[in-house]
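Chemist: Model the following, please.
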Amino acid sequence: VSSAMASLWSVSDAGTLALMETFYQQLRTTSTKAEALQLAQLALLESDFSHPYYWSGFTMIGSPW
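Modeler: Have a look, this model is predicted:
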């Protein structure tokens, strides 16, 4: 595996679902996984999951491509 996404702390299933759905949508239109994660995190700021608890613990490990 060239990269992995991880959470630095335990997060809610609903928040993770929202982030992952948005991440995979963004992944279709961005050049890197890191950018897709960043855009997904920014999108959650405009949702019911705007509190940093839901999105700030996620990080990309390894290759951003």
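Chemist: CA atoms for contacts and neighbours, from now on please.
Modeler: Noted.
Chemist: quick one: secondary structure of the spatially most central residue of the chain?
Modeler: What sits nearest the mean C-alpha location of the chain, by CA atoms, centre = their mean, is Leu37, with 4.0 Å. Classification of Leu37 using DSSP: H, G, I helix; E, B strand; the rest coil returns helix.
Chemist: any idea which helix or strand carries the closest residue to it other than its chain neighbours?
Modeler: Once its chain neighbours are removed from consideration, Leu37 has its nearest residue in Phe23; the separation is 5.5 Å (CA to CA, 6 or more residues apart in numbering). Using DSSP states H and E, the secondary-structure element containing Phe23 is helix 13-27.
Chemist: same question, Thr59
Modeler: Once you assign secondary structure using DSSP H and E, Thr59 falls within strand 58-62.
Chemist: tell me what that strand is packed against?
Modeler: Counting contacts by 3 or more CA pairs under 8 Å, 6 or more residues apart in numbering; DSSP states H and E, the secondary-structure elements packed against strand 58-62 are strand 3-7, helix 33-44.
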